[in-house]
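Visitor: Give me coordinates for this.
(2 chains)
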Protein chains: 2
Amino acid sequence: MIKVIIIGAGNVSSHLYQTFSKAKEVDVVQVYNRNHEHLNFVNEPEKRTSNLEQLKKADLYLLAVKDEAIRKIAEKIPDNKAVFAHCSGSIPLTELSLFENHGVFYPLQTFSKNKPVNFKEVPVCLEANSAKNLEFLKKIASAISDNIFEVSSKQRKALHLAAVFVNNFTNHLYALAADYCEKNELPFKILQPLIKETANKIETLPPFSSQTGPALRNDQKTISAHLEMLDDDQKKIYTILTDSIQKLHGKKL
Amino acid sequence: MIKVIIIGAGNVSSHLYQTFSKAKEVDVVQVYNRNHEHLNFVNEPEKRTSNLEQLKKADLYLLAVKDEAIRKIAEKIPDNKAVFAHCSGSIPLTELSLFENHGVFYPLQTFSKNKPVNFKEVPVCLEANSAKNLEFLKKIASAISDNIFEVSSKQRKALHLAAVFVNNFTNHLYALAADYCEKNELPFKILQPLIKETANKIETLPPFSSQTGPALRNDQKTISAHLEMLDDDQKKIYTILTDSIQKLHGKKL
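Guide: Okay, here's the model as predicted:
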């Protein structure tokens, strides 16, 4: 059994804890967080700790903490023969280069507190400072996911930025639409099947090919009518995205 | 059996044809399109017509054509006792007021040529010029969908605009991300589970509550790093959406 200690108590940490706990090949021996009260998601109280000096020995220390805390916490861990891996999309591998064995274990998914995720489908992006450490991380990742990728620090940074577009920005467009529905006394759930289908479509069609709508058709009448219905901030977003669609599809110079 | 004639040969029309053909309560007696060649999706050749003067009698004429063609085509249909309904999100009910019986039958979904849709889940937005005609449209809609809404012309217009945000604009963000992945030699499919989960999340959490990311955290370091990685057009989109997230969440005045 591979011994893993998880550092952190956020959504990534709690999902990793739950997923690893079910994997035969992995034993989560401890979960650390500065604030002990945030560790209630750990079923076994004896595995909870808020004291870095009381950390047990492990094969892997997984740092699922905020970007700026990764190195600070890692430096305080007494064990230095194990593999240290962080779970961040934007921090380079070299952040942990003070350790002989280090790597990155980045699960590319959005995790919410009380919403279970099928981890088998979550892409896990791996990077390590040696072939041996990479193999080790692959072994652990394959215990929980069928979707493993080798991704360099540079690529991971690009991926994280792309994720901001398809997750954070997309979710914000949902939020603006929900707001707009509320103002017009429409239930937001009326848009849910459309939202799901838009997301599902990309499995069979590249998004470029499945683009539709007034911007693509260059339907100025509808575009003008829409602009009249929006406030100034919404108008800016509508205009910039309409222009961008037309540019991508070669409808505008 | 309710006799329906479908006008048009686009994606909405072909999906309606396929769905109604399976419904016991409805008999699609004919499908019209100006260009006969586009009617190959109609399994029975005798039901295809490109001649408005050869249209049979029906209880409902469903106009699934471009917005600007709705009235022009409707005026040419000899039968004028039947119900005339269009399938547009942005055209008011009154567009068909020259007919004694008229309504709107707007399926709020994105339809692609070769991708089947589970119509039972598609919201169908109905409106009619009389209670009797509304009941009639409800009867037909409930033969194919479990998701029927009564929506006024004004609300439907707002809904159509909200749909542009969650479908057209969202899909464009996917397209920009796909482009960006390609440039960084990353497979776009690595983002698919994230895209699906982002869309699925809104069934259990309102999008306002499930917002995450550097904009929400006001993580200026990551935001600056991201901006440096983007070209000018992408930068504009990143900035305007980041500002909008911060404004909605009260992080910015």
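
Visitor: so where's chain A uncertain?
Guide: Within chain A, the stretches with pLDDT under 70 are A:252-253.

Visitor: Which helix runs longest in it?
Guide: Across chain A, the helix with the greatest residue count (assigned by DSSP state H) is helix A:232-248.

Visitor: And it, what does it pack against?
Guide: Judged by 3 or more CB pairs under 8 Å, 6 or more residues apart in numbering or on different chains; DSSP states H and E, helix A:232-248 is in contact with helix A:170-183, helix A:214-217, helix A:220-228, helix B:170-183, helix B:232-248. Where you see a C-beta, it was placed from the backbone N, CA and C, and this is true even at glycine.

Visitor: what comes up buried for it?
Guide: A:Q234, A:I237, A:Y238, A:T239, A:I240, A:L241, A:T242, A:D243, A:S244, A:I245, A:Q246, A:L248 (16 or more other CB atoms under 10 Å in any protein chain shown).

Visitor: What of stretch A:130-143?
Guide: Here stretch A:130-143 shows A:N133, A:L134, A:F136, A:L137, A:I140, A:A141, A:A143 as buried, counting by 16+ other CB under 10 Å.

Visitor: quick one: it near chain B?
Guide: No: Stretch A:130-143 lies apart from chain B when judged by CB under 8 Å from any CB of the partner chain; the minimum separation is 13.8 Å.

Visitor: Helices of chain A, start to end?
Guide: Under DSSP H, chain A gives helices at A:11-22, A:70-75, A:131-142, A:153-163, A:170-183, A:192-201, A:214-217, A:220-228, A:232-248.

Visitor: want to throw these into CSV with distance to B:S153?
Guide: Shown next, in CSV, are those (distance: least, CB to CB, whole Å):
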stretch, distance to B:S153
helix A:11-22, 43
helix A:70-75, 55
helix A:131-142, 53
helix A:153-163, 39
helix A:170-183, 16
helix A:192-201, 19
helix A:214-217, 18
helix A:220-228, 12
helix A:232-248, 21
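
Visitor: out of these, nearest to B:E75?
Guide: Closest approach to B:E75 among the helices of chain A is made by helix A:220-228 (19.8 Å; CB to CB).

Visitor: Can you name the residues in contact with the closest one?
Guide: Outside of helix A:220-228, the residues within contact range by CB atoms under 8 Å, 6 or more residues apart in numbering or on different chains are A:P214, A:A215, A:K235, A:Y238, A:T239, A:T242, B:D67, B:S90, B:K157, B:L161, B:V164.

Visitor: how much does that helix deviate in direction from helix B:153-163?
Guide: Per axes from the mean of the first three to the mean of the last three CA atoms, to 10 degrees, the angle that helix A:220-228 makes with helix B:153-163 is 90 degrees.

Visitor: which of the residues in helix A:220-228 are buried?
Guide: Those would be A:T222, A:I223, A:H226, for helix A:220-228 by 16+ other CB under 10 Å.

Visitor: ok, so of the residues you listed, who is nearest B:A74?
Guide: Among those, and counting by CB to CB, the member closest to B:A74 is A:T222, at 19.7 Å.

Visitor: From A:D233, how far out is the closest one?
Guide: From A:T222 across to A:D233, the span is 20 Å (CB to CB, to the nearest Å).

Visitor: How about A:S210?
Guide: Separation of A:S210 from A:D233 (CB to CB): 28 Å.

Visitor: Pull the number of nearby residues for A:H172.
Guide: A:H172 sits with 25 neighbouring residues when counted by other CB atoms under 10 Å in any protein chain shown.

Visitor: What residues does the closest residue to it other than its chain neighbours make contact with?
Guide: Leaving aside its sequence neighbours, A:H172 sits nearest to B:I245 (CB to CB, 6 or more residues apart in numbering or on different chains; 5.0 Å). Contact analysis of B:I245 by CB under 8 Å, 6+ apart lists A:N168, A:H172, B:Q211, B:G213, B:A215, B:L216, B:K251.

Visitor: hmm, 6 Å instead?
Guide: By CB atoms under 6 Å, 6 or more residues apart in numbering or on different chains, the residues touching B:I245 are A:H172, B:A215, B:L216.

Visitor: Check A:K115 too.
Guide: A:K115 neighbours (CB under 6 Å, 6+ apart): none.

Visitor: returning to that earlier point: how far off helix B:232-248 does the longest helix of chain A point, in degrees?
Guide: Between the axes of helix A:232-248 and helix B:232-248, defined by the same axes, to 10 degrees, the angle is 160 degrees.

Visitor: Distance from the chain centre to helix A:232-248, please.
Guide: Helix A:232-248 sits 27 Å away from the centroid of its parent chain (CA atoms, centre = their mean, to the nearest Å).

Visitor: Check stretch A:162-179 too.
Guide: From the chain centre to the centre of stretch A:162-179 is a distance of 14 Å (CA atoms, centre = their mean).

Visitor: same thing with stretch A:27-40?
Guide: For stretch A:27-40, the distance to the chain centre is 21 Å (CA atoms, centre = their mean).

Visitor: Identify the residues contacting that stretch?
Guide: With CB under 6 Å, 6+ apart as the criterion, stretch A:27-40 contacts A:1, A:3-7, A:9, A:17, A:20-21, A:42, A:47-50, A:56, A:58.

Visitor: Just the buried ones among the residues you listed, please.
Guide: Buried members of the contacts of stretch A:27-40, counted by 16+ other CB under 10 Å: A:3-7, A:9, A:17, A:20, A:42, A:47-49, A:58.

Visitor: Just name the closest of the contacts of B:I245 to B:P107, please.
Guide: Proximity of these to B:P107 (CB to CB) peaks at A:H172, which lies at 26.4 Å.

Visitor: And A:Q30, how close does it get to A:P78?
Guide: 13 Å.

Visitor: Show me chain A divided up by domain.
Guide: Taking automatic domain parsing as the reference, chain A has its domains at A:2-150, A:156-248.

Visitor: about what we covered before: out of the helices and strands packed on helix A:232-248, the one nearest B:F99 is which?
Guide: Ranking the helices and strands packed on helix A:232-248 by proximity to B:F99 (CB to CB) places helix A:220-228 first, at 23.0 Å.

Visitor: just to revisit the earlier point, redo the helices and strands packed on helix A:232-248 as TSV? Include distance to A:I202.
Guide: Putting the helices and strands packed on helix A:232-248 into TSV (distance: least, CB to CB, whole Å) gives the following:
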stretch	distance to A:I202
helix A:170-183	12
helix A:214-217	16
helix A:220-228	24
helix B:170-183	6
helix B:232-248	19
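
Visitor: if we compare these, which one ends up closest to B:P116?
Guide: Closest of the helices and strands packed on helix A:232-248 to B:P116 is helix B:170-183, at 18.9 Å (criterion: CB to CB).

Visitor: From the contact counts, what lies against the closest one?
Guide: helix A:153-163, helix A:170-183 (3 or more CB pairs under 6 Å, 6 or more residues apart in numbering or on different chains; DSSP states H and E).

Visitor: give me that answer again for 8 Å
Guide: So helix B:170-183, by 3+ CB pairs under 8 Å, 6+ apart, packs with helix A:153-163, helix A:170-183, helix A:192-201, helix A:232-248, helix B:232-248.

Visitor: okay, the ones you listed in CSV with distance to A:L62 next?
Guide: Formatted as CSV, the helices and strands packed on helix B:170-183 follow (distance: least, CB to CB, whole Å):
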stretch, distance to A:L62
helix A:153-163, 16
helix A:170-183, 26
helix A:192-201, 29
helix A:232-248, 38
helix B:232-248, 29
